[in-house]
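[1] Build the 3D model from these lines:
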Amino acid sequence: MSATHSQSTRRLAAAALLIALAVLSGCADKRLPTAVRQSGEPDVGNPEAVIRQTSPAIASGNAPAAAYQERGEAYYRLRQFELAQKDFEKAQAAGGRSAQTLYDLGASAYMRQDYDKAVQYFSDALAADGGLARAYNNRGVTYFALGQYDKALADFATAAGLGGQSEQAALFNRALTYQTMRDLDRAMADYDRLIAADPAQVAARNNKADILITLRRFGEAASLLDAAIAIAPNDPDLYFNRALAREALSQYPQALADYDRAVRLRSNFAEAYRNRGVLRLRLHDTKEGCADLGLACEFGQCNQTRKAKDFGLCP
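    Predicted coordinates for the structure are as follows:
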């Protein structure tokens, strides 16, 4: 065997290793638990205007609990969570421990990542109103953040059982918790239930596709993502995940097209640059592949770039 042929063989083996490592790195991030506050909760209109209207009475020292509550809602919507927390505390002190105010205190604590305090506030809200489904759901989200998955599952089941606006959010969150616990059959059953109730459920389709890719059921994952992309054609994560499935099916031109679309939709999508670069190296497009790996490294994904250089695939 000639030295040139031996070197070429080593380069091909290195490229094959890199592509395996890229695929094994997994899907785009799963859609996470729904935000603590949900549509249908109090809408305070223009939050800046509300703050201007309520602040003079509050500054005078004669404001009722409702003024603090209203301004706290406005601060929350502006993502000024510490100010929101202070106003909700003032509302609680002035107007008693209402379930709504306790719930809002829990929401603010969660957004400030004070999870232990959030659990306590949501629990207090439920003590005041045991039918407050969104408090069960959001306490479950907080338990999820704490890694206390059994408690999260119990709260999501209760919230789903109470129905109303929290039901779908709770089912989605329960499915994600099962998925995180690797109880994949139960996770898929909940995702299927959500998709049957609402065919436009893109997040459920995305997470179920993640499971199917994990199970190496790539054709099913690709078909599920086809349907999701038809609903949400500007979602880069869906293209990235479909590219993974297509790559595993050896549909390389289609996979490249999906990676292309993903980076057009999210210009700093490091994982997509990384995987496209590795795939291009495998397809002997060294110049473009190394350029992609350089971009991936610029955006924080450098492992494959270093490996490509160590193997002599990139300068």
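
[2] Return the set of buried residues in stretch 50-68.
    Within stretch 50-68, the residues scored as buried using 16 or more other CB atoms under 10 Å are 50-51, 54, 58, 63, 65, 67-68. Any C-beta I mention is one placed from the backbone N, CA and C, and that applies to glycine too.

[3] C-alpha coordinates for it, CSV please?
    Only the C-alpha atoms of stretch 50-68 are listed here, as CSV (Å, rounded to 0.1, in the frame of the first residue of the first chain):
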residue,chain,number,x,y,z
VAL,A,50,-49.4,51.1,34.3
ILE,A,51,-46.2,51.8,36.2
ARG,A,52,-46.6,55.6,35.5
GLN,A,53,-50.3,55.5,36.6
THR,A,54,-49.8,53.5,39.9
SER,A,55,-46.4,54.9,41.1
PRO,A,56,-47.7,58.3,42.4
ALA,A,57,-50.3,56.7,44.7
ILE,A,58,-47.7,54.1,45.9
ALA,A,59,-45.2,56.9,46.5
SER,A,60,-47.7,58.7,48.7
GLY,A,61,-47.9,55.8,51.0
ASN,A,62,-51.7,55.5,50.7
ALA,A,63,-51.9,52.9,47.9
PRO,A,64,-54.3,49.9,48.2
ALA,A,65,-53.1,46.3,47.7
ALA,A,66,-54.5,46.4,44.2
ALA,A,67,-52.1,49.1,43.1
TYR,A,68,-49.1,47.1,44.2
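
[4] chain center to it: distance?
    The gap between the average C-alpha position of stretch 50-68 and the chain average comes to 36 Å, counting by CA atoms, centre = their mean, to the nearest Å.

[5] neighbouring contacts of it?
    Contact partners of stretch 50-68, identified using CB atoms under 8 Å, 6 or more residues apart in numbering, comprise 44, 70-71, 73-75, 87-88, 90-92, 94-96, 101.

[6] PyMOL command for the buried members of these?
    This is how PyMOL selects the buried members of the contacts of stretch 50-68, with burial counted by 16+ other CB under 10 Å:
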select buried, resi 44+70+71+73+74+75+87+88+90+91+92+101
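
[7] so of the contacts of stretch 50-68, which ones are in strands?
    Secondary structure assignment (DSSP state E) places none of those within strands.

[8] For residue 180, see how far away the nearest residue to residue 113 once chain neighbours are set aside is.
    Nearest residue to residue 113, sequence neighbours excluded (CB to CB, 6 or more residues apart in numbering): residue 145, at 7.8 Å. Applying CB to CB, to the nearest Å, the value for residue 145 to residue 180 is 11 Å.

[9] what's the answer for residue 221, then?
    18 Å.

[10] again with residue 102
    28 Å.

[11] if we can go back for a sec, list just the nearest of the buried residues of stretch 50-68 to residue 287.
    For these, the minimum distance to residue 287 (CB to CB) is 54.7 Å, reached by residue 51.

[12] Give the closest residue to residue 261 in space, chain neighbours not counted.
    Nearest residue to residue 261, sequence neighbours excluded (CB to CB, 6+ apart): residue 239, at 4.5 Å.

[13] oh sorry, the question was meant for residue 154
    In this structure, residue 154 finds its nearest non-sequential neighbour in residue 140, 7.7 Å apart by CB to CB, 6+ apart.

[14] The one you found: how many residues sit nearby?
    For residue 140, the neighbour count with other CB atoms under 10 Å is 30.

[15] secondary structure element for it?
    Residue 140 belongs to helix 133-145 when elements are defined using DSSP states H and E.

[16] buried residues in that helix?
    Going through helix 133-145 with 16+ other CB under 10 Å, the ones that come out buried are 133-145.

[17] which strands and helices sit next to that helix?
    Using 3 or more CB pairs under 8 Å, 6 or more residues apart in numbering; DSSP states H and E, the elements in contact with helix 133-145 are helix 99-111, helix 115-128, helix 149-162, helix 166-180.

[18] now residue 60: how far from residue 66?
    15 Å.

[19] do the same with residue 118
    When CB to CB is applied, the distance between residue 118 and residue 66 equals 23 Å.

[20] Residue 212 too?
    Shown here: residue 212 relative to residue 66, a distance of 50 Å by CB to CB.

[21] Same question for residue 210.
    Taking CB to CB as the measure, residue 210 and residue 66 are separated by 44 Å.

[22] Tell me the one of the buried residues of helix 133-145 nearest residue 254?
    Distances from those to residue 254 were compared by CB to CB; the smallest belongs to residue 144, at 34.9 Å.
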